[in-house]
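1. next come a sequence and a model predicted from it.
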Amino acid sequence: MNDYIRRNLESGQRCRQWFIDYAALIPGGSIFKAKANGMTAKVNELENTAGEQEAASSEGFSATDVKGSEHDDLIAALTPVRTAARAAEFDIPGTRERYRFNVSMTDQELLAAGRSFALGGATDEALLVSYDAPAGWVATVTAACDAFEATFGLQSSAKGQSVAKNAEMYALVKEMNAFKGALRHHVINTTLNNPGARAAWQTAAHVEKAPTTKKDDDDDGDPPTP
C-alpha cells in the first residue's frame, strides 16, 4: 500500500468511527444514514483489499526467494559439468565451447545455457563423466532447469496480483471519498448546535498531505488543485 492510499484509508477509518461515536446525529432510514453506511462499506472493502494486496506482495517476495534458491541450484548443477568440459578441452578441442555459462547471465540466458547443457549431454554425457562430471548429470541439470523455469510463473503471477489489487484500491479510495464529500454537507447541517461533533468530523475527514503539496480544503482526499 502506498502512502496516498494509506493516508486516505486512515481518514476513512476515522470517519467510520465518527459514525459510531455520533450515531445519535444520524437519523435511521435517512439519506445521511445510507451514505454513512455506503462509506463504511467502502472503508471495509478497502481494508480487505489492502490485506489481499499485502498477501500478494508477500507471495512475490516468497517467489523471489524461491527463484533465488532454484537459480543457485541450477548454477551448482552446471558448474561441475563446465569444469569437466574444460578438462576435456585439452584432449578434445571444442568441448569447452559447448559448455559455457557465467553467473552474471540473466535468468533467461542461464536457463537457455542449462537447456543447452542437457541437450549436449545426449552425446557427451559419458565423455564428461570420464572427466569427473557427476554421474547422471544430464538428469540433474534437466531437473534444475525445470525447477528454475517453474519459478518464473510464480513470480509473474504474484506481481500481477499485487498490481491488480493496487488498482482496485485506487478505485475504492475514489468511491470512498465521493461518499465523504457528500457526507460533509450532511454533517454541517446536523452539527449546527454541536461544535464538538463538527470539529471531530473535520479531524476525522482530514487527509494528511505530503509537505510539498498544497492544502486540500474540501478534505475529499483528492490531490489539491494547483
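-> All right, it came through fine.

2. counting contacts, what elements does the helix ranked longest in the chain pack onto?
-> Looking across the chain with DSSP state H, the single longest helix is helix 31-89. With contacts taken as 3 or more C-beta pairs under 8 Å, 6 or more residues apart in numbering; DSSP states H and E, helix 31-89 sits against helix 3-21, helix 95-98, helix 107-130, helix 137-190. Just so you know, the C-beta spots here come from the backbone N, C-alpha and C atoms, and that holds for glycine as well.

3. can you say which of those helices is nearest to Phe32?
-> Set against Phe32 and scored by C-beta to C-beta, the helices and strands packed on helix 31-89 come closest in helix 137-190, at 4.3 Å.

4. give me the pLDDT value at the residue of the chain most remote from its centre.
-> Centroid-distance maximum for the chain: Asp91 at 51.8 Å, with C-alpha atoms, centre = their mean. Note for Asp91: predicted pLDDT of 95.

5. so how far is Ala84 from it?
-> Asp91 sits 12 Å away from Ala84, going by C-beta to C-beta, to the nearest Å.

6. isn't Tyr138 right up against Ser116?
-> Tyr isn't right for residue 138; it's Val. No - applying C-beta atoms under 8 Å, one finds Val138 not in contact with Ser116, separated by 11.7 Å.

7. more crowded one of the two?
-> Of the pair Val138 and Ser116, Val138 is the one with more neighbours under other C-beta atoms under 10 Å, namely 22 against 17.

8. what count of nearby residues applies to the closest residue to the more buried one other than its chain neighbours?
-> Closest residue in space to Val138, ignoring its immediate chain neighbours: Gly121 at 3.4 Å, by C-beta to C-beta, 6 or more residues apart in numbering. By other C-beta under 10 Å, 23 other residues sit near Gly121.

9. surely Gly121 touches Trp137?
-> Yes - the criterion here is C-beta under 8 Å, and Gly121 meets it with Trp137 at 6.8 Å.

10. overlap in contacts, those two.
-> Leu128 (C-beta atoms under 8 Å, 6 or more residues apart in numbering).

11. let me see the contact set for Ala144.
-> Applying C-beta under 8 Å, 6+ apart to Ala144 gives the contacts 70, 73-74, 76-78, 114.

12. among those, name the least confidently predicted one.
-> Across the set of the contacts of Ala144, Glu70 stands lowest in pLDDT, at 86.

13. identify the residues contacting that residue.
-> By C-beta under 8 Å, 6+ apart, the contact list for Glu70 reads 144, 147-148, 150-151.

14. for Glu168, see how far away it is.
-> Distance, Glu70 to Glu168, using C-beta to C-beta: 31 Å.

15. now Glu109
-> For Glu109, the distance to Glu168 equals 35 Å [C-beta to C-beta].
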